[in-house]
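K.L.:
I'll drop the sequence and a predicted model, then ask my questions.
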Amino acid sequence: TQLLEQSPQFLSIQEGENLTVYCNSSSVFSSLQWYRQEPGEGPVLLVTVVTGGEVKKLKRLTFQFGDARKDSSLHITAAQPGDTGLYLCAGAERGGYQKVTFGIGTKLQVIP
Amino acid sequence: SAVISQKPSRDICQRGTSLTIQCQVDSQVTMMFWYRQQPGQSLTLIATANQGSEATYESGFVIDKFPISRPNLTFSTLTVSNMSPEDSSIYLCSARGLAGGPSYEQYFGPGTRLTVT
C-alpha cells in the first residue's frame, strides 16, 4: 500500500495570507488529485495532475505535481474565509486498477 | 463530472439495529466505493462495490458487518449491520470511471452521518 504524507495537518491563518500544503510519498503515482471538503458535505474534486512537473491554476489556487510524480503541493494566494475546509490529496497507483490512496488531510481555517 | 446522491443524509439508530444507505449516480460508472470518515479526518476505504459479484473489502472490514450490493452501473447500497456506538461515523459513496472521462477522477456523494446510541 502506498502512503501519502500530508502537511501541515492543521493551519489557521488570517485572511489575505498565503499558504502551501504539501503531499509527499516515496512511491510514484500515475495521477494525483486534490479535494476540498466542507463540513457536512462530501469531498469535491478541485484538480487532477497527471504529468511530472505539471502546474495547474484554479483562480487563487496553484497545484504542482513533482517531476518524479511522488509529491504535490497546493498553494493558496491571499486566502479568503471561503477557503476554509479540509484539503485532501489522493494519489492513484499505476496499473489497471489504479487504487487511490488518500492523505490524512489538512484542516485549514481562514480567519476574517 | 458525476452527481452522486445518498439516502439518508443522516440517521440516529439504536444499538443492535441495521441501516441501509443508498447511493445513486447520475451516469454509468465503472467503479463504486464506500468510505468511512470521522468528522474532520481523512477517508478510510471500506470496500469496492462490484457489479454482479461480491464486493471487495479492505482489511478490517467484513461482509457480514457491511454487506454491499451493486445491481447496476449507477446504484449501490451499504448496510451497517448490528450497529454499535463505534459505527458512528460519516459514510461516503464514491464513483470513478465515468463514460468518456478519465478513469482516475473520483467523485463523492454528500455522505450519510450515522449516530448509534
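P.N.:
Cool, the structure landed.
K.L.:
Only C-alpha atoms from now on, for both contacts and neighbour counts.
P.N.:
Will do.
K.L.:
so what's the residue of chain A found nearest chain B up against?
P.N.:
Chain A approaches chain B most closely through A:Gly42 (4.2 Å), counting by Cα to the nearest Cα. With contacts taken as Cα atoms under 8 Å, 6 or more residues apart in numbering or on different chains, A:Gly42 has the following neighbours: B:92, B:108-111.
K.L.:
For my notes, please list those residues in TSV and give secondary structure, neighbour count and pLDDT for each entry.
P.N.:
As requested, the contacts of A:Gly42 are arranged in TSV below (DSSP: H, G, I helix; E, B strand; the rest coil; neighbours: other Cα atoms under 10 Å in any protein chain shown; pLDDT from 0 to 100):
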residue	secondary structure	neighbour count	pLDDT
B:Leu92	strand	28	97
B:Phe108	strand	25	95
B:Gly109	coil	25	96
B:Pro110	coil	23	96
B:Gly111	coil	29	96
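K.L.:
export the residues you listed to JSON lines and tack on distance to B:Gln24?
P.N.:
As requested, these are exported to JSON lines (distance: Cα to Cα, whole Å):
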{"residue": "B:Leu92", "distance to B:Gln24": "12"}
{"residue": "B:Phe108", "distance to B:Gln24": "11"}
{"residue": "B:Gly109", "distance to B:Gln24": "9"}
{"residue": "B:Pro110", "distance to B:Gln24": "11"}
{"residue": "B:Gly111", "distance to B:Gln24": "12"}
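K.L.:
just to revisit the earlier point, the residue of chain A closest to chain B: helix or strand, and which one exactly?
P.N.:
For A:Gly42, there is no host helix or strand (DSSP states H and E).
K.L.:
Look up how far B:Cys93 lies from it.
P.N.:
Distance from A:Gly42 to B:Cys93, counting by Cα to Cα, to the nearest Å: 9 Å.
K.L.:
okay, and the common contacts of these two?
P.N.:
Taking Cα under 8 Å, 6+ apart as the contact rule, A:Gly42 and B:Cys93 both touch B:108-111.
K.L.:
for these, which one is nearest chain A?
P.N.:
The nearest member of the shared contacts of A:Gly42 and B:Cys93 to chain A, counting by Cα to the nearest Cα, is B:Pro110 at 4.2 Å.
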